[in-house]
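1. with the sequence up front, the predicted model follows.
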Amino acid sequence: MPPVTSGLENFVNAPPPYIAGQRLGLLCNPASVDSRLRHARHRIHAVAGERLTALYSPQHGFFAEKQDNMIESAHRQDPALGLPIFSLYGETRIPTEEMLAPIDILLVDLQDVGTRVYTFIYTLSYCLEACARLGKMVVVLDRPNPIGGVLVEGNCLNPDYRSFVGRYPIPMRHGLTIGEIARLFNHCGDIQCDLEVVPMQGWSREMLFEATGLPWVAPSPNLPTPRSALVYPGQVIWEGTNVSEGRGTTQPFELFGAPFLDPDAILERMDAADLMGVVLRPIEFEPTAHKWAGQGCRGFQLHVTDPASYRPYRTSLRLLQIISTLYPEAFAWKQPPYEYEFEKRPIDLILGDRQLRRALVEEMPLAQLEAEWTQGLRSYSRQIEENRIYAPPG
């Protein structure tokens, strides 16, 4: 047995009494598996039978078959169980009354990746709001935060930049499990949904995903390994630029670059504080799709050597600062739309504040920026204390 038992397995091994006689729905995707890679819908169907009446899918589709942002998936039927699958990344991202009509309780079994911009937690937040409005219960089957639950990093979202990649004032690396973040949204967002979390057993906050013993199934197409999830809180910022974040390669987010980059010139501008716990290895690659498809790119692969000291957001922000100033003519900010926002710049939505982009361009030292984030992080830390399920180390 792996050292960690997921909320899914705890749920099916000891079904809670509150599901008796209730019609169940399940929000899930391919990563919703048990320790033997059996899918959640089959495990729950074995327990609930015909009381499992509907399935729901987040961004990228029920089978994670959609590659990119704003590629919608349609409602469909599950070929295995014959149940309806309602897409929550299609004509709407908010579950409608009609979508929730077949169920009394919504089970949520999604693998989050610990980063503010990952949309699964906002699909969850919309489900909490809709279920609260309709008097339905939400049960989150908890899963590990793959990048650990100790460190938090970055600026908290400016509410003026709320979007589907940021609805609540949390930092880029939020340090919570999906069950804990459901509690945070429900309490601090005053949603007041009837919410239960089925916790894991054996998980501790300092654990990275490899330590859990659980199998990794990519929660979305471009996070194929736990290593890609580890760098994602920083490397996702390239989505707001014309620098490739490695989509169209076999190592998205671990690789990044563009035809106009000179890796040696970039490394010359970085110091030891910028490279804590990570080695930037100069590379060349040619994406088969997405930015710079079919063109040679120069850049780096990130090799994390010490996850405890590595700060993904800081590292990638420094790289962004250097590249945007070294290559003012070739470098460009991506233009809207981005995740259904048609006016604000994608980078501002990703960073959670327009002022941060401006400060980077003006070459404000990162240490000064981090000092400005301190008050927001302290407030966030107080909020999460009462919503944690798993005790801090020590």
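-> Arrived safely, thanks for sending. A quick note: this is a predicted structure, and the numbers were derived from the prediction, not measured.

2. center of the chain - which residue?
-> Computing the C-alpha centroid of the chain and ranking residues by CA atoms, centre = their mean puts Y118 first, at 2.9 Å.

3. list the buried ones in stretch 214-228?
-> Neighbour-count burial for stretch 214-228, counted by 16 or more other CB atoms under 10 Å, picks out 214, 216, 218-228. Every residue, glycine included, has its C-beta placed from N, CA and C.

4. mind checking how far it is from the chain centre?
-> Centroid separation for stretch 214-228 versus its chain: 11 Å, with CA atoms, centre = their mean, to the nearest Å.

5. alpha carbons of that stretch, in PDB - could you do that?
-> The C-alpha trace of stretch 214-228 is given here as PDB (Å, rounded to 0.1, in the frame of the first residue of the first chain):
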ATOM      1  CA  LEU A 214       0.300   7.400  -5.600                       C
ATOM      2  CA  PRO A 215       0.400   7.100  -9.400                       C
ATOM      3  CA  TRP A 216       0.600  10.300 -11.400                       C
ATOM      4  CA  VAL A 217      -1.900  10.700 -14.200                       C
ATOM      5  CA  ALA A 218      -1.500  14.000 -16.100                       C
ATOM      6  CA  PRO A 219      -4.400  16.200 -14.800                       C
ATOM      7  CA  SER A 220      -4.100  18.200 -18.000                       C
ATOM      8  CA  PRO A 221      -2.200  17.500 -21.300                       C
ATOM      9  CA  ASN A 222       0.700  19.800 -20.600                       C
ATOM     10  CA  LEU A 223       1.500  18.700 -17.100                       C
ATOM     11  CA  PRO A 224       2.700  15.200 -17.900                       C
ATOM     12  CA  THR A 225       4.900  14.600 -14.800                       C
ATOM     13  CA  PRO A 226       5.300  15.800 -11.200                       C
ATOM     14  CA  ARG A 227       8.400  17.700 -12.400                       C
ATOM     15  CA  SER A 228       6.300  19.800 -14.800                       C
END
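
6. so what touches that stretch?
-> 2, 4, 6, 29-31, 33, 35, 37, 59-60, 64-67, 110-113, 120, 144, 146, 208-210, 229, 232, 246-247, 250-254, 304 (CB atoms under 8 Å, 6 or more residues apart in numbering).

7. of the residues you listed, which belong to strands?
-> Judged by DSSP state E, strands contain the following of these: V304.

8. got a quick ChimeraX command for the buried subset of the contacts of stretch 214-228?
-> Filtering those down to the buried ones (16+ other CB under 10 Å) takes a single ChimeraX command:
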select :4,6,29,30,31,33,35,59,60,64,66,110,111,112,113,120,144,146,208,209,229,232,246,247,251,252,253,254,304
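
9. filter the contacts of stretch 214-228 down to the ones in helices?
-> 120, 229, 232 (DSSP state H).

10. hang on, the second one packs against Y118?
-> It stands for A229. No: with contact defined as CB atoms under 8 Å, A229 does not reach Y118; the gap is 9.3 Å.

11. ok, now which ones touch V150?
-> By CB under 8 Å, 6+ apart, the contact list for V150 reads 175, 205-206, 392-393.

12. can you tell me how far it is from R205?
-> Distance of V150 to R205, computed by CB to CB, to the nearest Å: 5 Å.

13. now do the shared contacts for the two.
-> Shared contacts of V150 and R205, defined by CB under 8 Å, 6+ apart, are found at 175, 392-393.

14. out of the residues you listed, who's nearest E385?
-> Of all the shared contacts of V150 and R205, E385 sits closest to P392, with 8.8 Å by CB to CB.

15. correct me, but the closest one touches R205?
-> Yes: in this structure P392 lies within contact range of R205 using CB under 8 Å: 5.9 Å.

16. list the buried ones in stretch 87-101?
-> Within stretch 87-101, the residues that qualify as buried are 87-89, 93, 95, 99-100, counting by 16+ other CB under 10 Å.

17. ok, Q59 - contacts?
-> Neighbours of Q59 in contact, by CB under 8 Å, 6+ apart: 66, 69, 89, 119-120, 123, 220.

18. so which of those sits lowest on pLDDT?
-> Least confident of those in the model: N69, at 81.

19. any idea how far the residue nearest to that residue when sequence neighbours are not counted is from L349?
-> Counting by CB to CB, 6 or more residues apart in numbering, E339 is the residue found nearest to N69 once chain neighbours are left out, at 5.8 Å. Taking CB to CB as the measure, E339 falls 7 Å from L349.

20. of those two, who's got more company?
-> Higher neighbour count among E339 and L349: L349, with 24 against 20, using other CB atoms under 10 Å.

21. residue contacts, the more buried one?
-> The neighbourhood of L349, defined by CB under 8 Å, 6+ apart, consists of 117, 161, 163, 165-166, 240, 338-339, 341.

22. mind listing the helices for the stretch 1-150 of the chain?
-> With helices called from DSSP state H, counting those that start in this stretch, the stretch 1-150 of the chain shows them at 7-13, 40-48, 97-100, 120-134.

23. what does the shortest one rub up against?
-> Counting contacts by CB under 8 Å, 6+ apart, the residues outside helix 97-100 that touch it are 25, 54, 56, 86, 106, 130-131, 134, 136.

24. helix or strand: which one has F331?
-> F331 belongs to no helix or strand when elements are defined using DSSP states H and E.
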